[in-house]
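Engineer: just to be clear, the model below is a prediction. Sequence and coordinates:
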Amino acid sequence: MSEFDLIIIGAGPAGMSAAATAANGGLHVLLLDEQQQPGGQIYRNVGQNRASRGWLGAEYASGARLVDALDHPGVTVQSGATVWRLGSGPRVVWSQNGVSHITSAPHVLLAGGAQERPVPFPGWTLPGVMTAGAAQILMKTAGMLPQGAVLAGSGPLLYLVAAQMIDAGCPPKALVETQTPRMMLAALPYLPKAAFAARVLLKGLGLIRKIRKAGVRRYTAASGFEATSDASGVIHFSFRSKGQQQDLTCALLLTHQGVIPSTHISRAAGITHEWNAAQVAFQPVRDVWGATDQPGLHVAGDGAGIGGAEAATASGDLAALDILHASGRISADTRNQRAATARAMLFRSRAIRPFLDAAYRPPAETLSPPDDTIICRCEEVTAGAIRQGMREGPQGHRQIKTSLRVGMGPCQGRMCDATVRGILSAGKASRMGLIAPPRARSPIKPTKLGEMATLTNDQEETA
Amino acid sequence: MKIASRFLTPPETGEVVQFHYEGEAITAPAGLSLAAALLAHSGAFTRQTVNGAPRTAFCMMGVCFDCLVEVDGMPNTQACMIRVRSGMVVKRQMGLRGLSGGNDV
Ligand SMILES: Cc1cc2nc3c(=O)[nH]c(=O)nc-3n(C[C@H](O)[C@H](O)[C@H](O)COP(=O)(O)OP(=O)(O)OC[C@H]3O[C@@H](n4cnc5c(N)ncnc54)[C@H](O)[C@@H]3O)c2cc1C
Ligand code: FES
């Protein structure tokens, strides 16, 4: 038997808050994360940065509190530990430094977070084109500051990265935003509810003010993204804004259209998923505590549906309380009482989502890009090839996948699944949920055959 | 191709490690991810697709697999997920390795 009562996959705000709550309640917790440091995407490297890199902001710095709470005798943290299989039991198979381990526990919490939504357009595969999140990760982990960068796309994270770049002394050359006045109008009805999250709303307005004050050039209602690069690696970025053709030159083009839950692990575990029409993405079905339809499996954080860091922290707490109850450590009454604070926090932080989801909906050309766009970066399949494939017969996600090898490369569809779905739905977000999500198979991360071969079925370790 | 730099890199004040990239000796701060070190070095391509297209780190968080390089003879290593080690020998990965082939998983 394993010495752990709970295995948590992902050391972001959701996983870290769950680990602390569970350990304080007397459980032995194994916290696995494939990154080298706990923190997740938002609090990347916060334990190391602390006082330095103040330009990342106070909210970032506040993450150190969650990292510090992991210093508890009940919590075992394994960093650089990639989970590649989750079987019934639940049994978690994870790889660290080229060696795989199997650990079982009565409870597993999936807190794997989100990834940025792919933003395909002709030229998005060129060196020098990256995601805005990637640039932010470089700022957080390496102190590397983007030079002469253009930020393009939409969403709160785009503003946050722009503001962080301004504070770090490397303001973006321009901000190219896809949202249109019509989208803002569509979002207005959700504004009253968003007032419950007034702090977040004000913070957002503050970011926009900062960008204005810094004199960053802004283009709105932008479409028709295209990038080329010349022999020296410089990027030429062209697009239309309010009907006018624009051409910008930059060293870095950083794109972003919001984040979507990372569902490879939850799909491979057999958890039922539902379509979130407002967020244009699939998410695992779970109850108010994060419990799923698979025995012993809870989900929390952005991997269960995009809610942001505060919602992730709260949902991790709720899952841990439910697991404490299921382990016989606390009564249902105690669980319910102790959940009050997290529930209130979850309510507040979720209040702003409908507004954000409507205001920063991904544009049709992101969901279903023009024919000459590579949509599967691994296998270099274009949008046109998929449309051609559809005309020849196969209509489902899986048939298209097997006939064109789209999504069959090393990233296993992480960079194209959303786009294939968009093309199959002819760019209509309303139709995207009608197509079943593709199957996700273990290993959910490519693993060396030799490493797999060293595992036998009944072998089990206690980390 | 060598673009001057896409990033302003911090002055190296702490511990540094030296490693080899395409036969060239490179110094980088200890603790940095290999992908970050390669981006700081030139920002140029670090892998070539089957069709010969240049690619380099794109997501920096382990999802895109465009940062694949060969490290100490081991192909298909995600440069964004490992740290620079003193003396490591890094090569560009040209074309596909078996990993994504039809029957390996
Ligand atoms: C690139 C990026 C940058 C972001 N930056 C910000 C920001 O600055 N501010 C903000 O408010 N929001 C940001 N977000 C949104 C952010 O994801 C959430 O608000 C918040 O981090 C969600 O917390 P979480 O605990 O659910 O997941 P995360 O913080 O994403 O943590 C998930 C963790 O799970 C680990 N993991 C995933 N799969 C596996 C596996 N198979 N094996 C082992 N470990 C695994 C990951 O390494 C990661 O550390 C960002 C999102 C992305 C994708
Ligand atoms: S940069 Fe995307 S996987 Fe490494």
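Structural biologist: Done, it's in. Residues are numbered from 1 along each chain as shown, chains lettered A, B, ... in the order given. Ligands and ions are numbered 1, 2, ... in the order given.

Engineer: count of residues packed around residue 85?
Structural biologist: Picking chain A for this. By other Cβ atoms under 10 Å in any protein chain shown, the residues close to A:R85 number 22. To be clear about C-beta, it is placed using only N, CA and C from the backbone, and glycine gets the same treatment.

Engineer: correction: the question concerned chain B.
Structural biologist: Count around B:R85 with other Cβ under 10 Å applied: 14.

Engineer: how about A:L201?
Structural biologist: As a burial measure, A:L201 scores 17 neighbours (other Cβ under 10 Å).

Engineer: and the strand or helix carrying it, what's buried?
Structural biologist: In this assignment (DSSP states H and E), A:L201 forms part of helix A:198-213. Buried residues in helix A:198-213, counting neighbours by 16 or more other Cβ atoms under 10 Å in any protein chain shown, are found at A:200-201, A:203-204, A:207, A:210-211.

Engineer: from those residues, pick the one nearest A:T272.
Structural biologist: Of all the buried residues of helix A:198-213, A:T272 sits closest to A:V200, with 30.3 Å by Cβ to Cβ.

Engineer: test my guess that that closest one contacts A:I352.
Structural biologist: Yes. In this structure, A:V200 is within contact of A:I352 by Cβ atoms under 8 Å, at 5.2 Å.

Engineer: can you name the residue of chain A nearest to chain B?
Structural biologist: Nearest residue of chain A to chain B: A:G233, at 3.2 Å (Cβ to the nearest Cβ).

Engineer: B:A44 is in contact with that residue, correct?
Structural biologist: Yes. Here A:G233 reaches B:A44: they are 6.0 Å apart, a contact under Cβ under 8 Å.

Engineer: okay, now the unreliable bits of the chain?
Structural biologist: No chain in the question, so chain A it is. For chain A, the stretches with pLDDT under 70 are A:1, A:394-395, A:456-463.

Engineer: wrong chain, I was asking about chain B
Structural biologist: Residues of chain B that meet the cut-off, pLDDT under 70, sit at B:1-4, B:96-105.

Engineer: switch to 50 and redo it
Structural biologist: For chain B, the stretches with pLDDT under 50 are B:1, B:99-105.

Engineer: tell me the residues of it that contact ligand 1?
Structural biologist: Contact residues, chain B versus ligand 1 (Cβ under 6 Å from any ligand atom): B:M61.

Engineer: ranges for the helices of chain B?
Structural biologist: Shown for chain B, the helices assigned by DSSP state H span residues B:34-41.

Engineer: got the contact list for the nearest residue to A:A436 once chain neighbours are set aside?
Structural biologist: Spatial nearest neighbour of A:A436, chain neighbours left out: A:H397 (6.8 Å); criterion: Cβ to Cβ, 6 or more residues apart in numbering or on different chains. Listed by Cβ atoms under 8 Å, 6 or more residues apart in numbering or on different chains, the contact set of A:H397 reads A:417, A:420-421, A:424, A:435-438.

Engineer: buried among these? Make that a PyMOL selection.
Structural biologist: Typed into PyMOL, the line below selects the buried ones among the contacts of A:H397, using 16+ other Cβ under 10 Å:
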select buried, chain A and resi 417+420+421+424+435+437+438
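
Engineer: list just the nearest of the contacts of A:H397 to A:D317.
Structural biologist: For the contacts of A:H397, the closest approach to A:D317 (Cβ to Cβ) belongs to A:P437, at 28.1 Å.

Engineer: so which residues on chain A come close to ligand 2?
Structural biologist: Chain A comes close to ligand 2 at no residue, as judged by Cβ under 6 Å from any ligand atom.

Engineer: partners of the spatially most central residue of chain A in the sheet?
Structural biologist: Chain A has A:A114 as the residue nearest its centroid, 1.6 Å off, counting by Cα atoms, centre = their mean. Beta-bridge partners recorded for A:A114 (DSSP bridges): A:P261.

Engineer: quick one on the thing from earlier: any residue of the helix holding A:L201 touching ligand 1?
Structural biologist: No. Helix A:198-213 stays clear of ligand 1 (Cβ under 6 Å from any ligand atom), getting no nearer than 9.2 Å.

Engineer: gap between the next helix or strand after that helix and the chain center?
Structural biologist: Using DSSP H and E, the next helix or strand after helix A:198-213 towards the C-terminus is strand A:217-219. Offset of strand A:217-219 from its chain centre (Cα atoms, centre = their mean, to the nearest Å): 26 Å.

Engineer: buried stuff in strand A:217-219?
Structural biologist: So for strand A:217-219, counting by 16+ other Cβ under 10 Å, buried means A:218-219.

Engineer: interface residues of the stretch 101-250 of chain A facing chain B?
Structural biologist: Contact residues (Cβ under 8 Å from any Cβ of the partner chain) of the stretch 101-250 of chain A with chain B: A:115-116, A:125-131, A:133-134, A:137-138, A:141-147, A:149, A:170, A:231-234.

Engineer: touching, A:R85 and A:A440? I think so.
Structural biologist: No. Assessed by Cβ under 8 Å, A:R85 is found out of contact with A:A440, at 11.1 Å.

Engineer: anything in contact with each of those two?
Structural biologist: Jointly contacting A:R85 and A:A440 under the rule Cβ under 8 Å, 6+ apart are A:A268.

Engineer: related to what we said a few turns ago, and the residue of chain A closest to chain B, which of the three is it?
Structural biologist: Under DSSP: H, G, I helix; E, B strand; the rest coil, A:G233 falls in the coil class.

Engineer: with A:A19 instead?
Structural biologist: Going by three-state DSSP: A:A19 is helix.

Engineer: if we can go back for a sec, which of the residues of the stretch 101-250 of chain A next to chain B fall in helices?
Structural biologist: Within those, residues falling in helices by DSSP H are A:133-134, A:137-138, A:141-142.

Engineer: okay, now A:L367: neighbour count?
Structural biologist: Residues contacting A:L367 under the criterion other Cβ under 10 Å number 24.

Engineer: now it, nearest residue through space, not along the chain?
Structural biologist: Closest to A:L367 by Cβ to Cβ, 6+ apart is A:G422, at 3.2 Å.

Engineer: and which of the ones in helices among the residues of the stretch 101-250 of chain A next to chain B is nearest A:A429?
Structural biologist: Comparing these against A:A429 with Cβ to Cβ places A:G133 closest, at 22.1 Å.

Engineer: nearest residue to the closest one in space, please, no chain neighbours.
Structural biologist: In this structure, A:G133 finds its nearest non-sequential neighbour in A:E116, 4.9 Å apart by Cβ to Cβ, 6+ apart.
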